[in-house]
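Q: build the 3D model from these lines:
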Amino acid sequence: MNQSHFFAHLSRLKLINRWPLMRNVRTENVSEHSLQVAMVAHALAIIKNQKFNGNLNAERVAMMALYHDASEVLTGDLPTPVKYYNAQIAHEYKKIEKIARQKLIEMLPAELRDAWRPLLDEQQHSEQETALVKQADALCAYLKCLEELSAGNHEFSLAKTRLEKTLSQRRSPEMDYFIEVFVPSFNLSLDEISQDTPL
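A: Numbers count the residues shown, from 1 in each chain. So this is what the prediction gives:
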């Protein structure tokens with residue numbers, strides 16, 4: 001049986017730091033970001049299904065979100081100002097990401113590839129699934145800004161403003177619900193979020 005380097009590569013997502021051009025109070029890596037995006041995407045899908053007549057597979061959306069940045073283990077995390085400097089760079093980087101995702105799929109044993117392809121290959125995602133993962137990704141970046149600003153790091157002020165515009169462009173009823181119900185807590189201290197839930 002041939003060996004596969006697929007999971008050895010994915011385990012290195014924890015070595016890739018996000019926000020590389022900015023001073024961070026606490027460094028965030030791609031692995032932990034991916035987990036948070038998966039949790040938020042799962043929540044958005046459930047909210048859409050239960051409150052806004054959606055019909056999404058929330059677990060599938062969560063798994064797609066979990067792997068949404070997997071290609072960065074081969075490409076690294078290109079800072080947003082560079083990635084979207086102009087349309088040509090953004091287009092070329094999308095092509096690089098697609099090649100990297102395909103390379104990851106090819107690392108898997110042939111008999112397992114069809115199980116991971118729907119998670120890694122964005123061409124196999126529905127428009128609604130893609131939109132939810134992008135919403136979750138932007139929400140998690142926004143939450144990172146709130147955490148950094150709460151810790152007194154004003155380096156994230158402009159990023160917060162930029163992400164507010166992004167969230168406004170990707171707006172949906174389920175996102176509005178998530179922002180109203182869950183986001184305010186991210187501006188509070190541990191004592192403040194714990195006072196109503198003593199052990």
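Q: and whichever helix in the chain runs longest, average pLDDT?
A: Looking across the chain with DSSP state H, the single longest helix is helix 127-150. The average of the pLDDT scores along helix 127-150 is 96.
Q: now it: buried residues?
A: For helix 127-150, burial by neighbour count (16 or more other C-beta atoms under 10 Å) applies to 129, 131-149. Using the backbone N, CA and C atoms, a C-beta is placed for each residue, glycine as well.
Q: can you check stretch 63-78 too?
A: Neighbour-count burial for stretch 63-78 flags 63-75, 77 (criterion: 16+ other C-beta under 10 Å).
Q: just for this structure, where's the confidence low?
A: 79, 81-82, 84-85, 196-199 (pLDDT under 70).
Q: could you export stretch 48-57 as PDB, CA atoms only?
A: What follows is stretch 48-57, C-alpha atoms only, in PDB (Å, rounded to 0.1, in the frame of the first residue of the first chain):
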ATOM      1  CA  LYS A  48     -30.700  29.600   7.300                       C
ATOM      2  CA  ASN A  49     -32.500  26.200   7.500                       C
ATOM      3  CA  GLN A  50     -34.400  26.900  10.700                       C
ATOM      4  CA  LYS A  51     -35.300  30.600  10.400                       C
ATOM      5  CA  PHE A  52     -35.200  31.400   6.700                       C
ATOM      6  CA  ASN A  53     -36.600  28.400   4.900                       C
ATOM      7  CA  GLY A  54     -33.200  27.100   3.800                       C
ATOM      8  CA  ASN A  55     -32.500  23.500   2.800                       C
ATOM      9  CA  LEU A  56     -28.700  23.100   3.200                       C
ATOM     10  CA  ASN A  57     -26.700  20.200   4.500                       C
END
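Q: what is the burial count for Arg18?
A: Neighbours of Arg18 under the rule other C-beta atoms under 10 Å: 20.
Q: for the spatially closest residue to it that is not a sequence neighbour, give me its contacts.
A: Leaving aside its chain neighbours, Arg18 sits nearest to Glu28 (4.8 Å; criterion: C-beta to C-beta, 6 or more residues apart in numbering). Neighbour list for Glu28: 17-19, 144 [criterion: C-beta atoms under 8 Å, 6 or more residues apart in numbering].
Q: next, Glu28: phi, psi?
A: Main-chain torsions, Glu28, degrees, to the nearest 10: phi -110, psi 130.
Q: need the contact list for Leu35.
A: Going by C-beta under 8 Å, 6+ apart, Leu35 touches Leu66.
Q: element containing it, please.
A: Assigned by DSSP states H and E, Leu35 belongs to helix 30-51.
Q: just Phe178 next, same as before
A: Using DSSP H and E, Phe178 maps to helix 173-181.
Q: distance from the chain centre to that helix, please.
A: Distance of helix 173-181 from its chain centroid, counting by C-alpha atoms, centre = their mean, to the nearest Å, is 17 Å.
Q: in that helix, what's buried?
A: Here helix 173-181 shows 174-175, 177-178 as buried, counting by 16+ other C-beta under 10 Å.
Q: for the most centrally placed residue in the chain, give me its contacts.
A: Nearest to the mean C-alpha position of the chain, counting by C-alpha atoms, centre = their mean, stands Asp137 at 3.4 Å. Counting by C-beta under 8 Å, 6+ apart, Asp137 touches 37, 65, 68.
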